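1. One predicted model, sequence on top.
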Amino acid sequence: MKQLSFLVAVALALVVVTSCGTDSGRNPRDSEKASARSQDDQASGSGLWDMLARSERDKGQRHAWEKARERRLQAQLAKGMEQIPQEQRQNMVRWWQEFITMNPAWLKNRHNWRAYGKDAREILTENLIIAMVRAFENNNGPIYKRARSELFDLSEEATPYLVSGLANGRGDAVTRKHCVEMLGWYGAKAIPEISAAYSAADRDSRLDLLRAVKAMGPLGAPQSIPFLKRALQREDDYRLRLTAIQALGLSEDMGSIPVLIESLRDDDLSIRKFGAGTLGHFKSDEAIVAIIELLERTEPRILPENREIEVAQNCVHSLRAMTGENYRRGAQWRRWWNRR
């Protein structure tokens, strides 16, 4: 990975923060153009040559838009740099080179950089995010691992960038994947930011925020439980509700049990199915009774044309996992429970 001067590093950081925060790096009218092209293709009939001509024309328009965007970023950079004292700026140039070249002196000067204050730590955070993403793209394992390690200690500064990026649907799939992973490392301390941004996000963005909470596992609990409960109860999108159920199970927190038991009475068959399967991760008398009851309610509804058999199968699998017993029917589980 080529070395980056401080100015270039901050410029790239602005690019990644806007692609993971306030600017997608993509012409917002691209989707409209795609729709218009689709309609034109259908109208023209000939398709291929007209499509190629339009593609070249659109490429030029995108290039002009990117140039304008780059000028805006440079203006932001110049304004920000004016507020950094010259001595600090020179030191940051030198210290960033130490990071990129893996100079051992970085291990000392990383603390000096952070000691400059919150603004300096935010600049470092931005640089590390872009360094990590670029290193991943270039298969540069040492820089990738080093940037990840540094970001782990900058959760306070990094969390707003990461949450904003996911909530606003910015960045490509790779960048968003890293945002999800890093928030997962930060655990419960990132829950307030995620919760505050969640309601205003669109569905795909809410899904990524839920995936971040899911990635936390036990690190997010118990703070994640109320957030996941609200998502499960209020959402109507299957993907979001399923991700919330999975996150509740991975939290390994006993506070998840009442929420999952409530899901067993959901109108959506798939939610009942996965709720029953997830409860199998917990050893709880309350959960055992609730799953037996669901199995008893489900068996009379099993028909060749529906999927109730899948709910029953998950009930049996979870009961076996929780109890070590091996029964198939609800009545058998009920007799076992009553005589145990």
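-> Thanks, I have it. Numbering: from 1, shown residues only.
2. list the buried ones in stretch 230-248?
-> By 16 or more other Cβ atoms under 10 Å, the buried positions in stretch 230-248 come out as Ala231, Leu232, Glu235, Leu240, Arg241, Leu242, Thr243, Ala244, Ile245, Gln246, Ala247, Leu248. For every residue, glycine as well, the C-beta is placed using N, CA and C.
3. Please apply the same query to stretch 322-337.
-> Judged by neighbour count (16+ other Cβ under 10 Å), stretch 322-337 contains these buried residues: Met322, Tyr327, Gly330, Trp333, Arg334, Trp337.
4. Domain map for this protein?
-> Partitioning the chain according to automatic domain parsing yields domains covering residues 1-28+36-153, 258-340.
5. Just the helices from the stretch 101-250 of the chain, written as ranges.
-> 106-115, 118-137, 141-152, 155-167, 173-186, 191-198, 203-216, 224-234, 238-251 (DSSP state H, counting those that start in this stretch).
6. that older thread, need the buried residues of stretch 322-337 in JSON lines with pLDDT, can you?
-> Compiled in JSON lines, those are given as follows (pLDDT from 0 to 100):
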{"residue": "Met322", "pLDDT": "95"}
{"residue": "Tyr327", "pLDDT": "96"}
{"residue": "Gly330", "pLDDT": "97"}
{"residue": "Trp333", "pLDDT": "97"}
{"residue": "Arg334", "pLDDT": "97"}
{"residue": "Trp337", "pLDDT": "96"}
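7. Export the residues you listed as TSV, with columns for distance to Ala196 and secondary structure.
-> TSV is the format used below for those (distance: Cβ to Cβ, whole Å; DSSP: H, G, I helix; E, B strand; the rest coil):
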residue	distance to Ala196	secondary structure
Met322	36	helix
Tyr327	46	coil
Gly330	43	helix
Trp333	43	helix
Arg334	45	helix
Trp337	43	helix
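8. Using TSV, please lay out the domains of the chain together with distance to Tyr186.
-> Converted to TSV, the domains of the chain look like this (distance: least, Cβ to Cβ, whole Å):
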stretch	distance to Tyr186
domain 1-28+36-153	8
domain 258-340	23
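9. Just say which of those is most tucked in.
-> The highest mean neighbour count among the domains of the chain, using mean count of other Cβ atoms under 10 Å, belongs to domain 258-340: a mean of 17.
10. tell me what whichever strand or helix holds Gly275 is packed against?
-> In the assignment (DSSP states H and E), Gly275 maps to helix 269-279. Packing contacts for helix 269-279, counted by 3 or more Cβ pairs under 8 Å, 6 or more residues apart in numbering; DSSP states H and E, involve helix 238-251, helix 256-263, helix 285-298, helix 308-323.
11. out of those helices, nearest to Gln223?
-> Nearest to Gln223 among the helices and strands packed on helix 269-279 is helix 238-251 (9.8 Å), distances taken as Cβ to Cβ.
12. what's the angle from the closest one to helix 203-216?
-> If you take axes from the mean of the first three to the mean of the last three Cα atoms, to 10 degrees, helix 238-251 sits at 10 degrees to helix 203-216.
13. pLDDT of helix 238-251, averaged?
-> Helix 238-251 shows a mean pLDDT of 96.
14. hang on, isn't Ala200 packed against Asn168?
-> No. Contact criterion Cβ atoms under 8 Å: Ala200 and Asn168 do not qualify, at 9.1 Å.
15. re earlier: need the buried residues of stretch 230-248 in JSON lines (columns: distance to Glu157).
-> Converted to JSON lines, the buried residues of stretch 230-248 look like this (distance: Cβ to Cβ, whole Å):
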{"residue": "Ala231", "distance to Glu157": "26"}
{"residue": "Leu232", "distance to Glu157": "31"}
{"residue": "Glu235", "distance to Glu157": "30"}
{"residue": "Leu240", "distance to Glu157": "28"}
{"residue": "Arg241", "distance to Glu157": "32"}
{"residue": "Leu242", "distance to Glu157": "32"}
{"residue": "Thr243", "distance to Glu157": "27"}
{"residue": "Ala244", "distance to Glu157": "28"}
{"residue": "Ile245", "distance to Glu157": "32"}
{"residue": "Gln246", "distance to Glu157": "29"}
{"residue": "Ala247", "distance to Glu157": "25"}
{"residue": "Leu248", "distance to Glu157": "29"}
